[in-house]
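1. generate coordinates for the sequence data below:
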Amino acid sequence: MIVLSAVSTPLPHESTQQAIGYPTLFLLVLIGALVPVVPTGALVSSAAVVAFHQAAPFALLLLFVVASAAAFLGDIALYWLGRRGMGSKNGSRWLEAIRRRAPEDRLAQAQAKLDDHGVTVLVVSRMLPAGRLPVMLACLLAKMPLRRFARGNLPACLAWAVTYQLIGILGGSLFSEPWEGVLAAVVLTLLISVVPSLWRHVRERSA
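-> Residues are numbered from 1 along each chain as shown. Here you go, the predicted model:
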């Protein structure tokens, strides 16, 4: 729980903990953006719970900066790697990984939304479970320049960080013990991630 201890330590004694904890959170969110198997939303929400119980507004602000910056840089790095794969005759494993996580139906929806709304669709895609990579692939197929993608992705990452912090603050406000709030925040973020996918799977099977 190194990440959580960074925001839970009282301010006069927290410099050593922060020197370990915030870089760890940054790396985990960055890796989660590149390889979407790390529950980054749950990490941010859990850290927000602890910061809320410690009444540490500075920690919440720093958490927001760290989480949004890591998510943004991870997305930019993945998009850059995807563009390199698009320009390569043999593709790349990064581009193939994006394709595997972007089913044809989701990709078609993403392309339609991109045509209708432009880069603003990036904000919505970052908030929806399994919505980020289909939209990213749609941007790659549309040959969107990296700079334009970055302009649309910045507010998306800011909104994502705020949303999961608010989930953590909500969980922290409902329970008197930090661990209870952390558990509630983790369960809620996992439900947000899993339930829509399960619902789509059930609808596809019934159809």
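2. and the spatially closest residue to residue 118 that is not a sequence neighbour, how far is that from residue 136?
-> Distances taken as CB to CB, 6 or more residues apart in numbering place residue 152 nearest to residue 118, at 7.5 Å, with adjacent residues excluded. Heads up, the C-betas are built off the backbone N, CA and C, glycines and all. Residue 152 sits 11 Å away from residue 136 when distances are taken as CB to CB, to the nearest Å.
3. then residue 119?
-> 11 Å.
4. around residue 132, count how many other residues there are.
-> By the other CB atoms under 10 Å criterion, the neighbourhood of residue 132 contains 26 residues.
5. give the residue spans of the chain that score low on pLDDT.
-> Along the chain, the model assigns pLDDT under 70 to residues 1-20, 89-91, 175-176, 178-179, 181, 185, 190-207.
6. can you give me the helices in it?
-> Assigned by DSSP state H, the helices in the chain fall at 2-8, 15-34, 40-53, 57-87, 93-100, 104-117, 121-127, 132-141, 146-174, 178-206.
7. of those, flag the one that's most buried.
-> Of all those, helix 40-53 has the most neighbours on average by mean count of other CB atoms under 10 Å, namely a mean of 27.
8. quick one: work out the angle between that helix and helix 57-87.
-> Interaxial angle of helix 40-53 relative to helix 57-87 (axes from the mean of the first three to the mean of the last three CA atoms, to 10 degrees): 170 degrees.
9. give me the helices and strands touching helix 40-53, please.
-> Here helix 40-53 touches helix 2-8, helix 15-34, helix 57-87, helix 146-174, helix 178-206, going by 3 or more CB pairs under 8 Å, 6 or more residues apart in numbering; DSSP states H and E.
10. CA atoms only: put that helix into PDB for me.
-> In PDB, the C-alpha atoms belonging to helix 40-53 read as follows (Å, rounded to 0.1, in the frame of the first residue of the first chain):
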ATOM      1  CA  THR A  40      -5.800   2.600 -12.600                       C
ATOM      2  CA  GLY A  41      -9.200   4.100 -11.700                       C
ATOM      3  CA  ALA A  42      -9.300   2.000  -8.500                       C
ATOM      4  CA  LEU A  43      -5.800   3.200  -7.600                       C
ATOM      5  CA  VAL A  44      -6.700   6.800  -7.900                       C
ATOM      6  CA  SER A  45     -10.000   6.400  -6.000                       C
ATOM      7  CA  SER A  46      -8.300   4.500  -3.200                       C
ATOM      8  CA  ALA A  47      -5.600   7.100  -2.700                       C
ATOM      9  CA  ALA A  48      -8.400   9.800  -2.700                       C
ATOM     10  CA  VAL A  49     -10.200   8.000   0.100                       C
ATOM     11  CA  VAL A  50      -7.200   8.100   2.300                       C
ATOM     12  CA  ALA A  51      -6.400  11.800   1.500                       C
ATOM     13  CA  PHE A  52     -10.100  12.600   2.300                       C
ATOM     14  CA  HIS A  53      -9.900  10.900   5.700                       C
END
